[in-house]
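Peer 1: What follows is a protein structure lacking sequence information:
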């Protein structure tokens, strides 16, 4: 039994407050030209990372960056989009490559490609192929959707999660700006038998200009889909006061303990705003420590 599965078995539906969430934070980064140096400059090796895949750069760019960051001492989980894998041989080759590089964690998704390039149309089929290939990973993350999906029916999402869960060790959610919705969703999947630890995805302290620059650098087709997926985020930056990640984190810290869930931490969509994200994380850690000192 993996540590994550043992954690759930031993402490199912434990109530996590803000301090728990803040002390269990990971960052998502995008594989651009300056990403490696920005990580080295601003992110401690104690912070786990995931690396996304863009259609324009392909999966090898993500694997290359993952391997370099692992050599620097980081714990890194590359995104593995099912729709970019050609066949079982391709899956086996990637598993062997990552295993030899010392990668112990991956994040398996369906992917945003309009059509699969090969035999895998969704994350479940890739997870099955990975299992058949005797993958070497200690941690296998899968996606969660607290607010559903724009093109996939809710029933299909719920079924897919139940199918994927036995082949995974954790759930990383998509962005949801309503803490109550996220907590209720997490309680719901736990009640339905999905007892994996959940890490809630929230945006870090990024501005809309940065989002626009990122969208311009990931390829035309994917850029359009990226902007469509991030519409709610962009609109929040246009509103007076803008988006505040601290406020959302605190709301989650208040909402999560009210219901029994498997929420364990936060997964920060940094949009490569790494310096600002790390400053924000340190400030949040300090505020939690200060609160603890007063108790």
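Peer 2: Structure received. In this text the structure is predicted, and so the values were computed from the model without any measurement.
Peer 1: where in this structure is pLDDT low?
Peer 2: Low-confidence segments of the chain (pLDDT under 70): 1-16, 150-151, 208, 210-242, 292-295.
Peer 1: How about the secondary structure of the spatially most central residue of it?
Peer 2: In the chain, the centroid-proximal residue (C-alpha atoms, centre = their mean) is residue 172; its distance is 4.5 Å. Classification of residue 172 using DSSP: H, G, I helix; E, B strand; the rest coil returns strand.
Peer 1: any idea where the strands of this structure begin and end?
Peer 2: Along the chain, the stretches classed as strands by DSSP state E are 25-29, 49-51, 76-81, 105-109, 139-144, 170-173, 198-203, 263-269.
Peer 1: Show me what counts as buried in the lengthiest helix in the chain.
Peer 2: For the chain, the helix that runs over the most residues, judged by DSSP state H, is helix 274-294. By neighbour count with 16 or more other C-beta atoms under 10 Å, helix 274-294 contains the buried residues 274, 276, 277, 278, 280, 281, 284, 287, 288. For every residue, glycine as well, the C-beta is placed using N, CA and C.
Peer 1: Surely the fourth one touches residue 39?
Peer 2: No. Residue 278 sits out of contact with residue 39 when judged by C-beta atoms under 8 Å, with a separation of 9.9 Å.
Peer 1: thought residue 180 was touching residue 255?
Peer 2: Yes. At 5.1 Å, residue 180 and residue 255 qualify as touching, with contact defined as C-beta under 8 Å.
Peer 1: Compare the two (neighbour count), which wins?
Peer 2: With neighbours defined as other C-beta atoms under 10 Å, residue 180 and residue 255 compare such that residue 255 has more, 19 against 15.
Peer 1: who touches that one in this structure?
Peer 2: Contact partners of residue 255, counting by C-beta atoms under 8 Å, 6 or more residues apart in numbering, are 179, 180, 182, 183.
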